[in-house]
Each structure stands twice: as structure tokens, then as C-alpha cells.
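**Student:** Generate a structure from the sequence data that follows.
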Amino acid sequence: MQASFLVDKVGCDVGLNYRSNDFAKLLEKECSSEVAYFWDSVGGDVSDTVITNMKEHSTIILCGAISDYNETNKYPPPLSDKVASIVAERNITRHRHLVVNYEKEVMKALFDLAVLVSSGQLTHFETSEKGLINAGVAYERLMKGENLGKMVVYMRDVPPGNSLKRSIGSFLGRIYNSLKPL
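**Tutor:** Sure, this is the predicted structure:
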């Protein structure tokens, strides 16, 4: 479901399910040494598999490593010797992005993102359940990969329409009012 969504709706060249038993073979077939950017939120074997298929001067954006969340490793977790040598040989850069490092830019970034979403230039996808009673259902669907975009549990009824755009409109108004001179 998510793989076809990435191709059909988002515009990716290919979408692969990292949970499939033949992920490494599929990635090699579809992307052999052609991966230019890798948004790594998984880590572990999946990360190692993708890195072995990255081209020279490519970029890894580190945004979590769910495979290591229960480990005591520091973040980012260390690479194996084999993968570290690939990173060095191909001059692959790894960037770790932490919001706390951009504290001064957060409000401007939120404003810029809000403008992009409200204008339709940036698309938002979400899967939702209504009511706290369905939080378990939402979690189960998330773990099974049955969500597209963020999984959200609404605590109250949400009127029809794009709730994100309404929230952004309110957010933009608050920012605008906070920037007005006294």
C-alpha cells in the first residue's frame, strides 16, 4: 500500500517495503548504486542495505533509528566496519538533524512550512482514528504499516475538510499577531 502510494501520489521513482523478506534483492534490482538521498529513520540492517546501494557523493539524513531504540548505543549508532568503509570510499555524507540545534530558526521554519501547506505547494497526508477509545486500533494500524503519512488520533469530532489547513490558518494568524509592532 505505502510503496504504491509513494510512486502514484508522491512521485518517487520506486517504492519498496523494507519489511519484505526480499528487500535487499529488490533494492539491488531497482536501485543498484543509484541511491542519492536516504532519509534514515530505521537504522540497523535496513540502513546498512540502503547504504551499500548508495552512489558516490550521496547524502544520508539521520532522523532516528527505530531498530536501536531499545539499545544503549549513542545516536547515531555506530556503523559496522564494512558499511563505514563504503561511506568513506564513496564520500557519503551523514547529517544528523536535531530540532534543538535550530532553536532560533524554529518559528520561521514553522511559518514557512505553514505557508507552503496552506498554498498547496506542500502536501500533507494523514491517517486518523476518532476518540481515545480507538488509540489501540491506531497503534496497531501504524505497526502494521496501514497508515499513509502521520497516524493521528483525534480526541474530539473533527469537522469535514482539511483540519491541517484550518489549524495552519489559525497558526499563521497567531504568528502574524505576535509579529505586529506594539
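
**Student:** name the element residue 18 belongs to?
**Tutor:** Assigned by DSSP states H and E, residue 18 belongs to neither a helix nor a strand.

**Student:** Touching, it and residue 46? I think so.
**Tutor:** Yes. Residue 18 lies in contact with residue 46 (Cβ atoms under 8 Å); the separation is 4.7 Å. From N, CA and C alone the C-beta is placed, and that goes for glycine too.

**Student:** name the helices or strands packed onto the lengthiest strand in the chain?
**Tutor:** Across the chain, the longest stretch assigned as strand under DSSP state E is strand 54-62. Judged by 3 or more Cβ pairs under 8 Å, 6 or more residues apart in numbering; DSSP states H and E, strand 54-62 is in contact with strand 35-40, strand 93-96.

**Student:** Residue 18 and residue 46: which is more packed in?
**Tutor:** residue 46 (20 against 17; other Cβ atoms under 10 Å).

**Student:** and the angle for the helix or strand hosting that one with strand 35-40?
**Tutor:** In the assignment (DSSP H and E), residue 46 maps to helix 44-51. Put simply, helix 44-51 runs at 160 degrees to strand 35-40, going by axes from the mean of the first three to the mean of the last three Cα atoms, to 10 degrees.

**Student:** So which bits of helix 44-51 are buried?
**Tutor:** 46, 47, 49, 50, 51 (16 or more other Cβ atoms under 10 Å).

**Student:** next one: stretch 15-31
**Tutor:** Neighbour-count burial for stretch 15-31 [16+ other Cβ under 10 Å]: 16, 18, 23, 24, 26, 27, 31.

**Student:** phi, psi of the nearest residue to the last one once chain neighbours are set aside?
**Tutor:** Spatially, and ignoring its direct neighbours in sequence, residue 31 is nearest to residue 53 (5.1 Å; Cβ to Cβ, 6 or more residues apart in numbering). Recorded main-chain torsions at residue 53 are phi -110, psi 20, according to degrees, to the nearest 10.

**Student:** Now tell me what touches the helix or strand hosting residue 139 from outside.
**Tutor:** Element membership for residue 139 (DSSP H and E) is helix 135-143. Residues external to helix 135-143 that are found in contact with it (Cβ atoms under 8 Å, 6 or more residues apart in numbering): 127, 128, 129, 147, 151, 152, 153.

**Student:** gap between the closest residue to residue 32 other than its chain neighbours and residue 40?
**Tutor:** Setting aside the residues directly before and after it, residue 32 is nearest to residue 53 in space (Cβ to Cβ, 6+ apart), at 6.0 Å. Distance, residue 53 to residue 40, using Cβ to Cβ, to the nearest Å: 13 Å.
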